[in-house]
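*Asks:* how would this look folded up:
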Amino acid sequence: MAFDIEMIRQVYANMTARVDKAREIVGRPLTLTEKILYNHLWEGMPSQSFSRGKDYVDFAPDRVACQDATAQMALLQFMHAGKNKVAVPTTVHCDHLIQAKVGAETDLAVANTQSKEVFDFLSSVSNKYGIGFWKPGSGIIHQIVLENYAFPGGMMIGTDSHTVNAGGLGMLAIGVGGADAVDVMSGMAWELKFPKLIGVKLTGKLNGWTAPKDVILKVADILTVKGGTGAIVEYFGEGATSMSCTGKGTICNMGAEIGATTSTFGYDDSMRRYLASTGRQDVVDAADKVAAYLTADPEVYANPEQYFDQLIEINLSELEPHINGPFTPDRGTPVSKMKAEAEANGWPLKVEWGLIGSCTNSSYEDMSRAASIVEQAVAHGITPKAEFGINPGSEQIRYTIERDGIIATFEKMGTKVFTNACGPCIGQWDRAGADKGEKNTIVHSFNRNFSKRADGNPNTHAFVTSPEMVAALAISGRLDFNPITDTLINDQGQEVKLHAPKGDELPTKGFDVEDPGFQAPAEDGSGVQVLVAPTSERLQLLAPFEPWDKQNISGAKLLIKAFGKCTTDHISMAGPWLRFRGHLDNISNNMLIGAENAFNGKANSVKNQLTGDYDAVPAVQRAYKAAGIPSIVVGDHNYGEGSSREHAAMEPRFLGVKAVLVKSFARIHETNLKKQGMLALTFAHEADYDKIQEDDVINFLDLTEFAPGKPLTLEFVHADGSKDVVMANHSYNDSQIGWFVAGSALNLIAAGKA
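*Replies:* Predicted coordinates:
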């Protein structure tokens, strides 16, 4: 469980020489982001400068983290790599497969029964290959990483889009698909397009009801869900140093919601305090020796407009609490304007549930500040109008807040304390009455609020806000309640005004825990048997994908033309489907069932060109596969937005889809498609999207000449015999074309050619 201090010291030892060399090569002062990137080049000492947003670069991350839903497929792939042990420190965290329903004790027991074979597989495969295993109930991956493994100036990748949470401790922590993780676990380089840089200067200081959450809610409102694509966000300024480390983590965590590669902060006293409080004074001592290398050069922050591709400035002293949503995390509304916005848009004003937790806001500080609001309500005889639930971020947090009376405070208002796990944030919530599909409002401190995400009800209007605002809104039962100006009526009929929240950044008596839930791997895993039953409906050993036949793809059918937002939730839903994340055939039955068909406005209803009938997307694609007919998917902007789940790429690959042609991609999904040997293409002319017709047959005219920088030509033959020729751009380099030719990146690793 312990952090590897020697590895960290080596990172810092390398950093001074490499950063000095990079500064010399680039010929100017460096941002923090650039320092970390240049220190983690695969070849070591930098020999050239890289162009932002253009050059693909190989990196050597320090560690890998996987959550249980994505770890299954990642480790099934790793088993094909032919390695005896992971090449870098790696951990697996069981946090996704635990459904919130009754309460922590009961829900965990149910999960341990229902998902026993998955947990046993993950435990055994981790034990065999030298991977640290965090058991069910131990906590949420990103909170555990922050508490145990993250360190300033490091680089890590994780099979979850919110891996970026570790930026709160000054890392470059990046969400990837499982195939990327397999590369690093196998001792290979990890490839990333050298990112553009967005600087966010924070002035002033948070006060009153405003929390770190409001910073990222404001940034999301400014940049939208795709404004950070291809960029790393670096926060700085007096406002940044005045915030807690876990508050910084919250901001970095939701950077995934603006499409950013990751976000980070420079090393400061809040990080020193957090590291010391979590038992890592050795890291502080090592980091202090290279502190100047763990933040940007002074000239950068003095004149940021010269060094960042985009600059945003936010005065925290003037920032107002925000409530973002519904249905998208970038629709920001200041609390003072919510009443008018809600009335204008017909949003249900009654709040049914308030939920605090997830990897975004489940720290000690989050819980203590929210509890301070609950405590006021209890003291003044105010009965909460909405139901209330919390998910502590880790067993260490749960144990500590129980010791300090915070859980008892919540329970005075009938709060349900769920397992230390993701729960409702990822759709693992058995919410009573959700199946009725009634229009309603919930508020939560999570990161995503896409339609149907939390409870499966498309009519649930989910709003994202800070933990303290969740508490206030749930107690009031009103979406338009403004705790800064409004009052509540207590059981004596008296008007009561809530005071601004208060809470400790860190527990004054320190963190404590009896059993954190960690299993160390065997020193020698050669005799460990990996547990996969051949008859399992939840786990399935993988077979390699077929390599490209070196021919043009011809006679392909259009499977679906997706309209509007098509996230990874639309492509491969979570919720009840999580149980099949280790069984590619079974989970492929959810492929694109949430995407809206542009031709009929319906989800999971596409035309089978072999019969003329409309059927479920997976059923139609299985018919094409059985007939040996290739197909393609057409999509809109920011296709694949959301989580890192590579199932959204593996399912269409498994069922025979050859290419995905869209207006634009989300970064992780585009990479996942490439890794699995698929064609990820974008319209050279976005207007060509409108030319695609329902009965089209597609021919690739020059795939045999596939090369970097050379667009591909596709012929769309319509039902009346007319044709449209469409130019498709791509971002493949020579190595990535090699993945396509071989059938997948994993095929190259297994063949020893990667």
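*Asks:* low-confidence stretches in the chain?
*Replies:* 1-3, 753-754 (pLDDT under 70).
*Asks:* so residue 374 makes contact with residue 410?
*Replies:* Yes. Between residue 374 and residue 410 there is a contact under C-beta atoms under 8 Å: 5.8 Å. To be clear about C-beta, it is placed using only N, CA and C from the backbone, and glycine gets the same treatment.
*Asks:* beta-bridge partners for residue 388, please?
*Replies:* Beta-bridge pairing of residue 388 under DSSP bridges involves residue 354.
*Asks:* quick one, what contacts it?
*Replies:* Shown in contact with residue 388 (C-beta atoms under 8 Å, 6 or more residues apart in numbering): 353, 354, 355, 410, 413, 414, 415, 416, 471, 474.
*Asks:* surely residue 455 is in a helix?
*Replies:* No. Under DSSP: H, G, I helix; E, B strand; the rest coil, residue 455 falls outside any helix and is assigned coil.
*Asks:* overlap in contacts, residue 374 and residue 410.
*Replies:* Taking C-beta under 8 Å, 6+ apart as the contact rule, residue 374 and residue 410 touch no residue in common.
*Asks:* output the longest helix along the chain as PDB, nothing but the C-alphas.
*Replies:* Ordering each helix of the chain by length in residues (DSSP state H) puts helix 5-26 first. Coordinates of the C-alpha atoms in helix 5-26 are reproduced here as PDB (Å, rounded to 0.1, in the frame of the first residue of the first chain):
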ATOM      1  CA  ILE A   5       9.500   7.000  -2.100                       C
ATOM      2  CA  GLU A   6      12.500   5.800  -4.000                       C
ATOM      3  CA  MET A   7      10.700   6.000  -7.300                       C
ATOM      4  CA  ILE A   8       9.500   9.500  -6.400                       C
ATOM      5  CA  ARG A   9      13.100  10.600  -5.500                       C
ATOM      6  CA  GLN A  10      14.300   9.300  -8.800                       C
ATOM      7  CA  VAL A  11      11.600  11.300 -10.600                       C
ATOM      8  CA  TYR A  12      12.900  14.400  -8.800                       C
ATOM      9  CA  ALA A  13      16.500  13.500  -9.500                       C
ATOM     10  CA  ASN A  14      15.800  13.300 -13.200                       C
ATOM     11  CA  MET A  15      13.700  16.400 -13.200                       C
ATOM     12  CA  THR A  16      16.300  19.000 -12.500                       C
ATOM     13  CA  ALA A  17      18.600  18.100 -15.500                       C
ATOM     14  CA  ARG A  18      15.800  17.300 -17.900                       C
ATOM     15  CA  VAL A  19      13.800  20.500 -17.200                       C
ATOM     16  CA  ASP A  20      17.000  22.600 -17.400                       C
ATOM     17  CA  LYS A  21      17.700  21.000 -20.800                       C
ATOM     18  CA  ALA A  22      14.100  21.500 -22.000                       C
ATOM     19  CA  ARG A  23      14.200  25.200 -21.000                       C
ATOM     20  CA  GLU A  24      17.400  25.500 -23.100                       C
ATOM     21  CA  ILE A  25      15.800  23.700 -26.100                       C
ATOM     22  CA  VAL A  26      12.500  25.600 -26.000                       C
END
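*Asks:* starting at the chain centroid, how far to it?
*Replies:* Its chain's C-alpha centre and that of helix 5-26 lie 28 Å apart, by C-alpha atoms, centre = their mean, to the nearest Å.
*Asks:* contacting residues around the helix or strand following that helix?
*Replies:* Sequence order places helix 32-39 as the next helix or strand after helix 5-26, per DSSP states H and E. Residues outside helix 32-39 that contact it (C-beta under 8 Å, 6+ apart): 11, 14-15, 18-19, 21-22, 26, 30, 46, 57, 59, 153-155, 170-172, 194-195, 197, 232, 234, 264, 266, 293-296.
*Asks:* ok, of the contacts of residue 388, which one's closest to residue 184?
*Replies:* residue 355 (33.8 Å; C-beta to C-beta).
*Asks:* next up, phi/psi of the nearest residue to the closest one once chain neighbours are set aside, please.
*Replies:* For residue 355, ignoring the flanking residues on the chain, the nearest one in space by C-beta to C-beta, 6 or more residues apart in numbering is residue 444 at 3.9 Å. The phi/psi pair for residue 444 (degrees, to the nearest 10) reads phi -150, psi 170.
*Asks:* which residues does residue 444 bridge with?
*Replies:* Assigned bridge partners for residue 444, using DSSP bridges, are residue 355, residue 464.
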